[in-house]
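Trainee: sequence and predicted structure, then a few things I'm wondering about:
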Amino acid sequence: MKKIISMAICAVMLAGLFVSLTAIAEPSEISVYLNGERLEFDVPPQIIDNRTMVPMRAIFEALGMEVEWVDDEDEISEAIDNLILFKALFESSIPEFFDWITYRPMIGALPMIGVFPNERNERLPYFVALQIGSYAMFVSNGFWPDLDERWIELDVPPQIVDNRALVPLRAISESLGADVEWDGDTRTVTITTTDTAIIYEEYQEITVSNAEEFVNALGSNRIIHVESGTYDFTPFNVTHPVFDYIAIGLTISNVRNLTIIGAEDGSTEFVNAHMFAEILTFEYCENITISNISAWHIPRDFECDAGVFSFHNSNNIIVNNCYLDGSGSVGISIWNSTGVQVNNTIITNCSLRGVGISSSNYISFYNVTITENRAYANAVWISDSDNVVFYNSEISNNNAIEWALFEVWNANLRIYDSIITNNSFEFAERPFPDVSLFKVREGGSIFVSDTVITNNTFAYETIGDVEFERCTFEDNVFDSLLISIDYSPLG
């Protein structure tokens, strides 16, 4: 059994601004205790403008965080994308935060200090942003949609002393829900974490090497390390109660705090041989992370009629570094769920659509590739949902579209810094007369920004409320005369 802290912080410290000390530390030593244990610092705590300042790395690591210096501009941009963007883009406009943490790659702002999540718990219930010399601190606590986000004005800004970034101890600790007491007579600071601050939960770590071990290991508060190999879940299918030709694939219900980690090289494979069985379905689950999994149906080549990963009535889901080969209908299905993040994942070979989202909110796709699907309906279909974001993603070489590449019904979709290329209805059997690149129905909207749109062929570019900003269009063909009246495919 191991303890894992189910919270995370990102503190962004930009070292472009250095400030001089406005006060000199008093000579007597300051002691800091966290939950009864004395903390040691390589640069001693000191009083600056009547506030106790301590080294940032030491205090955050004492609270269970992992601190890393990032000196490469591209790494800084990527870190900001991963740790800030999803929360920022869910607002109706770019928030005030980006006035000083730039949305674009940061030039001349090196180095940066990043406090990242524990490697075994990648979700971000806490987020703190600071800047050297700035009196503003941004704090976000919780998961979507129950976020507590606020700006805090600091009495003393973070600053560099003896090559260490010092931060105001009380403000940092209290922003995370801890209690702080100061004893002036003994010059002692006492920090006590509360139930709303650092939450310790007992997790069981299990390593499995076959399908039966994996199924037996499933449960709440688990970290399952799945070794390389093929995991065939066909024996765990259940016959549909009404349609006996349909199988219900492996279904995980009423589980929370579950992390599934495959081999980093992608050699952990989840499969099912039944053409009507989903690979994995999660229902009524919470706080689920799936990393490094390749998944498909054994028949392959569009012979199946079931999806890969499905999430129903579930919240706070992360899919990382996965390869989802539909070889069936849908790569990822999300229904009546909140807070789903899909990162660094490939979705391919689907016969209906790559992604289907219904009655869900706060859904984000970062660095996701939806490619080479023979999806007769869409690459992405969204209905009755809000706050759906694609960022730094690629939708390419999907050439059997009959309805629309992106189709939105009573939902809002935003696409940023992505590539949409080489998509068409060329191999569609019966394309609709209004087959289009973007289609919006019943009060929805699509916003596309800073995206390259090239070499796509459809009857229409847009139908409905679609807005473009700073996009590049090249070599696209949009012509309604390409579709014959009898819906025949291109000849």
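Mentor: Perfect, I can see it now. Residues are numbered from 1 along each chain as shown.
Trainee: going forward, measure contacts between C-alpha atoms and count neighbours the same way
Mentor: Noted.
Trainee: low pLDDT regions in the stretch 51-200 of the chain?
Mentor: Along the stretch 51-200 of the chain, segments meeting pLDDT under 70 span 63-131, 138, 140-150, 176, 194-200.
Trainee: swap the cut-off to 50 and go again
Mentor: The model of the stretch 51-200 of the chain has pLDDT under 50 over residues 70-73, 75-125, 144-145, 195-200.
Trainee: cool, the stretch 251-400 of the chain as well?
Mentor: 302.
Trainee: hmm, try it at 80
Mentor: 274-277, 297-307, 326-328, 374-376 (pLDDT under 80).
Trainee: neighbours around residue 398, how many?
Mentor: Using other CA atoms under 10 Å, residue 398 is surrounded by 30 other residues.
Trainee: helix, strand, or coil at it?
Mentor: coil (DSSP: H, G, I helix; E, B strand; the rest coil).
Trainee: and the gap between it and residue 358?
Mentor: To residue 358, residue 398 is 22 Å away according to CA to CA, to the nearest Å.
Trainee: before we move on, what about residue 440?
Mentor: Between residue 440 and residue 358 the computed distance is 15 Å (CA to CA).
Trainee: ok, now residue 286?
Mentor: 18 Å.
Trainee: rewinding a little: among residue 440 and residue 358, which residue is more densely surrounded?
Mentor: Shown here are residue 440 and residue 358; by other CA under 10 Å, residue 440 has more neighbours (24 against 20).
Trainee: so the more buried one touches residue 408, yeah?
Mentor: Yes. Between residue 440 and residue 408 a contact is recorded at 4.8 Å, counting by CA atoms under 8 Å.
Trainee: what is in contact with those two at once?
Mentor: Applying CA atoms under 8 Å, 6 or more residues apart in numbering, one finds that residue 440 and residue 408 are jointly contacted by residue 446.
Trainee: so the residue most central in space within the chain is in which element?
Mentor: Nearest to the mean C-alpha position of the chain, counting by CA atoms, centre = their mean, stands residue 341 at 3.4 Å. Element membership of residue 341, judged by DSSP states H and E, is strand 338-343.
Trainee: which residues touch the helix or strand that that strand is followed by?
Mentor: Proceeding N to C from strand 338-343, the next assigned helix or strand is strand 346-358, under DSSP H and E. Residues from elsewhere that reach strand 346-358 (CA under 8 Å, 6+ apart): 301-302, 305, 321-336, 368-385.
Trainee: mind listing what strand 346-358 pairs with, with the direction of each?
Mentor: In the sheet, strand 346-358 lines up against strand 323-335 (parallel), strand 369-371 (parallel), strand 378-383 (parallel) (DSSP bridges).
Trainee: would you put the C-alpha positions of it in CSV?
Mentor: Extracted C-alpha coordinates of strand 346-358, given in CSV (Å, rounded to 0.1, in the frame of the first residue of the first chain):
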residue,chain,number,x,y,z
ILE,A,346,-4.4,8.4,-32.1
ILE,A,347,-8.0,7.4,-33.2
THR,A,348,-8.1,5.5,-36.5
ASN,A,349,-9.9,2.8,-38.6
CYS,A,350,-13.4,3.6,-37.4
SER,A,351,-16.4,2.8,-39.5
LEU,A,352,-19.0,5.2,-38.0
ARG,A,353,-17.1,8.1,-36.5
GLY,A,354,-13.9,8.8,-34.6
VAL,A,355,-15.4,10.6,-31.7
GLY,A,356,-19.0,10.7,-30.5
ILE,A,357,-20.1,13.1,-27.6
SER,A,358,-23.6,13.5,-26.2
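Trainee: now it: how far from the chain's centre is it?
Mentor: From the chain centre to the centre of strand 346-358 is a distance of 18 Å (CA atoms, centre = their mean, to the nearest Å).
Trainee: before we move on, what about stretch 37-44?
Mentor: Using CA atoms, centre = their mean, the offset of stretch 37-44 from its chain centre is 35 Å.
Trainee: and that stretch, end to end?
Mentor: 16 Å.
Trainee: ok, which stretches of the protein are helices?
Mentor: Assigned by DSSP state H, the chain shows helices spanning 56-62, 73-80, 86-89, 169-175, 211-217.
Trainee: touching, residue 420 and residue 395? I think so.
Mentor: Yes. Using CA under 8 Å, residue 420 is in contact with residue 395, at 4.9 Å.
Trainee: more neighbours, the two?
Mentor: residue 395 (24 against 21).
Trainee: now do the contacts for that one.
Mentor: Residues in contact with residue 395 (CA under 8 Å, 6+ apart) are 369, 370, 371, 379, 419, 420, 421, 423.
Trainee: that one bridge partners, please.
Mentor: Taking DSSP bridges as the rule, residue 395 bridges to residue 370, residue 420.
Trainee: next one: residue 348
Mentor: Beta bridges link residue 348 to residue 325, residue 371, judged by DSSP bridges.
Trainee: residues near it, how many?
Mentor: Neighbours of residue 348 (other CA under 10 Å): 27.
Trainee: what about it, distance to residue 139?
Mentor: On the measure of CA to CA, residue 348 and residue 139 end up 38 Å apart.
Trainee: for residue 274, same thing?
Mentor: Relative to residue 139, and taking CA to CA, residue 274 is found at 47 Å.
Trainee: partners of residue 358 in the sheet?
Mentor: residue 335, residue 383.
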